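*Asks:* coords below, sequence missing:
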């Protein structure tokens, strides 16, 4: 197994959990919106989507070596190749999730619902003072 196959193998390991994660994020936003309908209050998401994504990636990174290391060693892949592939996969997944978080936060801001208070609280928007763009107005 070479570097390219190792990257594909490890990337396939992340696809399912990332889909489940975003399913949970969307479901949580729907549940919060439904809760707001019955008890109107402003909800602040703490650090926003990017903080939860960072925590998710940290946990995925901790768990990714458990299954991959024995499989790679059994197929004669060096630890250096496996680690290089892990770094590439980490960059790919992190970049894709950052883009997805920004798109999701923009979509939430486009809805312009009073439930979120000052917007979706995306870390990117907060750092660059783009929070609460109020696209709907």
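*Replies:* Structure's in. What do you need? All values derive from a computational prediction rather than experimental measurement.
*Asks:* what about residue 76, which SS state?
*Replies:* At residue 76 the chain is in coil, as set by DSSP: H, G, I helix; E, B strand; the rest coil.
*Asks:* quick one, longest helix in this structure?
*Replies:* When the chain is parsed with DSSP state H, its longest helix is helix 3-38.
*Asks:* could you say what helices and strands that helix packs with?
*Replies:* Using 3 or more C-beta pairs under 8 Å, 6 or more residues apart in numbering; DSSP states H and E as the contact test, the elements touching helix 3-38 are helix 49-74, helix 79-111. C-betas here are computed from N, CA, C, even on glycine.
*Asks:* Which pLDDT value goes with the residue nearest the centre of the chain?
*Replies:* The residue lying closest to the centre of the chain (C-alpha atoms, centre = their mean) is residue 53, at 3.7 Å. Looking at residue 53, its pLDDT reads 80.
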